[in-house]
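> Based on what follows, work out the 3D shape:
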Amino acid sequence: MREKPPSHPFPTYMRSPTIIAVAAAALSPLLALAPLGPGTAASAAASAAAPNDAAGVVYPVTSFMDWAQNPMSDFTNRQLGQYALNQELADAQSAVLHQFPAELGQGLVGPAAAEAFSEQMAANLIHLRPQVAGVDMTDQANPAFMPDFNHDGVFGDPGDDVAMQGHSTANGYFLFPCLSDSGVTTYETTNGTCAAPGTPGATFKDGLAQQESIVNSRGLTLAATLWLPAAALRPGCPAAGADPTACVPTPGSVSHASRSRGHLRRLPTVVIAEGIASAQDSYFWLAMTLARTGDIVLTYDPAGQSGSEGSVADLFTPSVPSCTFGGACRDLEDVMRWMVGDPITPVLNLSTTTPLVAASGPTPPSAAISNPAYQPAGANVMNPVAGEIDRSKLAVMGHSMGALSLLNYLWFQGHGSTGVDGKPLPPLATGIALSGAAATTAVVPIQFQTSDDDGSPTLIGPGVAGVALGVSGDGIGYANMKPLYDQLRTTGPGASALSMMVLEGGVHTDFIDTPYVPRTSWALAVSAHYAIAWLGCFLKGQYWSCLNAVKAVPHLSSSFASEVAPPGGPLPHASHCITVPTTASLNDSPSQLLNAEQGHPAYSCQP
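This is a model prediction of the structure:
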């Protein structure tokens, strides 16, 4: 388990100036740290492991297919294939029978009924991920990261996906995953070890997943899921038995954390913003992993895709300054307000300059539009754990479109701390951008993560020579993220800590758990290791987390440098190598590829 603290708090390799600077910045934010001078060597900034061939000539080609490891493994997994088939069939049967009982039982009576049925089906199909009877039929959940939503005591059976898709208020216990570089997932036991399900004598720790509905400022309902560690549940929970309903918090209820040591102890909170054409369950691995560390976590679908209302257009409109996905950027602002219990104000209809939703009106203008005020005035239900959240310890992790939404949020936070609607934003303490670069401000620490061949937001098509072979995406991949990292550390705006982590051999889908999609076997484990370390450092002030955030582990890129820019002092801030590249990559520019093949890989950080 990567996230355990080191056995000795101050071994020699952890005393480097870079590590101490980042750790001190987290533990003593008022301390003015001078930037490290040129030539300062960090003993933790180790070179990535050299490839088997000494010259590294063959490595760019052999490593290029690392991202095929996950689909190759999944396609040979008979059990996963049977699960996938059963899930799709069960989803389809349940959804159609649930949504159209009269039509299927009695037939469509008259042309008006047939027309209404057709219109409803057409509305489902203009989702970015088309739906049938309200269910995303393209969604393939990963059984290794699925709560027991149907309360049968089995984690990850097809019935769990049916319960998740068919009910907006489903809940279920989930296990805390132990990720590995091999791709094998085990789960944390009650004695702190990790074991496979069914291990004789093993009992497992668990948390609680609770589905929620959030009405955004445009009156569209977003599908969301809260991921709660034991500290956020009612006393005596998790309880014995598969049905967790009695443990689900309600607004104002008292949790373990609230009772801790006789005074209120609120919890750090992380919101996960998903990528385009994704679904919440693609990030369940991350939510469960972060909840394991004691964080409250939320996943959600932005308007226009997967389980949320809206069409494809709602991902892009209304427009937001410096944001490609205007609707998704607005949704992140709304979700953060809902998380902490702040009001969500209806936006204006840009074509008529009248409210989409009357702030105090009892009836929305159409069946698809709801009032975002909290009940009883509107349709929103208050976040049941809003009172458990430490507002000074908020973070967002975003992937692809979600990364652009995060960076846009920080752009507004750095320009007056109000959102696109002019209303105050709950301030983030830190953020992590997975494969995305856009205009932003480094007013809080930011970690960037990408992969060797990250270049396209499509499921296939890695980057070659910095150009996506698939459909290109704004701000995707190292070729776009490295310039943003350098801009922020040299000219700003903002002067907080930054890091740039590059995973070995992967592509744009390295950060999702969807079966059969391209991903290296180690991507989830390495990404989670650095995310947990960064959040532990800047949300929780953990010294060992600050150390782990800047220490090299296996399966960082050997072709691109991973680096860190500690805060402190005026800009520019020096960047220090966590790894030094030793090989070429097919994603290098032609000149960089030639130089790397001759033994001179490009990097700009200080070794």
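> use CA for all of it now, contacts and neighbours both
Fine.
> Would you state the helices of the stretch 201-350 of the chain in chain order?
256-259, 284-292, 313-316, 326-340 (DSSP state H, counting those that start in this stretch).
> of those, which approaches Ala163 most closely?
helix 284-292 (15.5 Å; CA to CA).
> shaky segments in this protein?
The chain contains residues with pLDDT under 70 at 1-65, 67-68, 70-72, 74-139, 167, 240, 252-264, 348-368, 456-474.
> quick revisit: tabulate the helices of the stretch 201-350 of the chain (JSON lines), appending mean neighbour count and distance to Arg519.
Converted to JSON lines, those look like this (neighbours: other CA atoms under 10 Å; distance: least, CA to CA, whole Å):
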{"stretch": "helix 256-259", "mean neighbour count": "18", "distance to Arg519": "37"}
{"stretch": "helix 284-292", "mean neighbour count": "25", "distance to Arg519": "14"}
{"stretch": "helix 313-316", "mean neighbour count": "21", "distance to Arg519": "26"}
{"stretch": "helix 326-340", "mean neighbour count": "25", "distance to Arg519": "25"}
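> Now the terminal residues of stretch 529-545, how far apart.
10 Å (CA to CA, to the nearest Å).
> try stretch 166-177
By CA to CA, the extent of stretch 166-177 from end to end equals 25 Å.
> now do stretch 395-407
End-to-end for stretch 395-407, by CA to CA: 12 Å.
> what does that stretch contact?
269-276, 323-325, 328-329, 332, 428-441, 457, 475-476, 511, 535, 539 (CA atoms under 8 Å, 6 or more residues apart in numbering).
> In contact with Tyr478: list those residues for me.
Neighbouring residues of Tyr478 by CA under 8 Å, 6+ apart: Ser435, Thr450, Ser451, Asp452, Asp454, Gly455, Gly466, Val502.
> Could you say which one of the helices of the stretch 201-350 of the chain comes nearest to Ala170?
Nearest of the helices of the stretch 201-350 of the chain to Ala170, taken as CA to CA: helix 284-292 at 14.9 Å.
> ok, back up a step: tell me the buried residues within the contacts of stretch 395-407.
With burial judged by 16 or more other CA atoms under 10 Å, the buried subset of the contacts of stretch 395-407 is 269-276, 323-325, 328-329, 332, 428-441, 457, 475-476, 511, 535, 539.
> coming back round to it: kindly state which of the helices of the stretch 201-350 of the chain is positioned closest to Thr520.
The nearest among those, by CA to CA, is helix 284-292 at 14.9 Å.
> just checking, what packs against that closest one?
strand 177-178, strand 221-228, strand 296-300, helix 523-538 (3 or more CA pairs under 8 Å, 6 or more residues apart in numbering; DSSP states H and E).
> Next, the angle from the last one to helix 284-292.
Angle between the axes of helix 523-538 and helix 284-292 is 30 degrees (criterion: axes from the mean of the first three to the mean of the last three CA atoms, to 10 degrees).
> same question, the second one
Between the axes of strand 221-228 and helix 284-292, defined by the same axes, to 10 degrees, the angle is 40 degrees.
> Direction included, what does strand 221-228 pair against?
strand 206-215 (antiparallel), strand 296-300 (antiparallel) (DSSP bridges).
> which residues does the closest residue to Phe174 other than its chain neighbours contact?
Spatially, and ignoring its direct neighbours in sequence, Phe174 is nearest to Pro147 (4.3 Å; CA to CA, 6 or more residues apart in numbering). Contact analysis of Pro147 by CA under 8 Å, 6+ apart lists Phe155, Gly156, Asp160, Gly172, Tyr173, Phe174, Leu175, Ala209.
> Would you convert these into CSV that also reports secondary structure, neighbour count and distance to Glu563?
Shown next, in CSV, are those (DSSP: H, G, I helix; E, B strand; the rest coil; neighbours: other CA atoms under 10 Å; distance: CA to CA, whole Å):
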residue, secondary structure, neighbour count, distance to Glu563
Phe155, coil, 22, 39
Gly156, coil, 20, 38
Asp160, helix, 26, 41
Gly172, strand, 28, 39
Tyr173, strand, 30, 38
Phe174, strand, 25, 35
Leu175, strand, 25, 33
Ala209, strand, 27, 35
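> Turn these into JSON lines, columns for distance to Val297.
Shown next, in JSON lines, are these (distance: CA to CA, whole Å):
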{"residue": "Phe155", "distance to Val297": "19"}
{"residue": "Gly156", "distance to Val297": "20"}
{"residue": "Asp160", "distance to Val297": "20"}
{"residue": "Gly172", "distance to Val297": "15"}
{"residue": "Tyr173", "distance to Val297": "14"}
{"residue": "Phe174", "distance to Val297": "13"}
{"residue": "Leu175", "distance to Val297": "14"}
{"residue": "Ala209", "distance to Val297": "10"}
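> From those, pick the one nearest Cys546.
Leu175 (26.4 Å).
> partners of that closest one in the sheet?
Bridge pairing for Leu175 - DSSP bridges - gives Asp206.
> Look at the spatially closest residue to Thr440 that is not a sequence neighbour and give its secondary structure.
The shortest distance from Thr440 to any non-neighbouring residue, by CA to CA, 6+ apart, is to Trp411 (4.2 Å). The three-state assignment at Trp411 reads helix, by DSSP: H, G, I helix; E, B strand; the rest coil.
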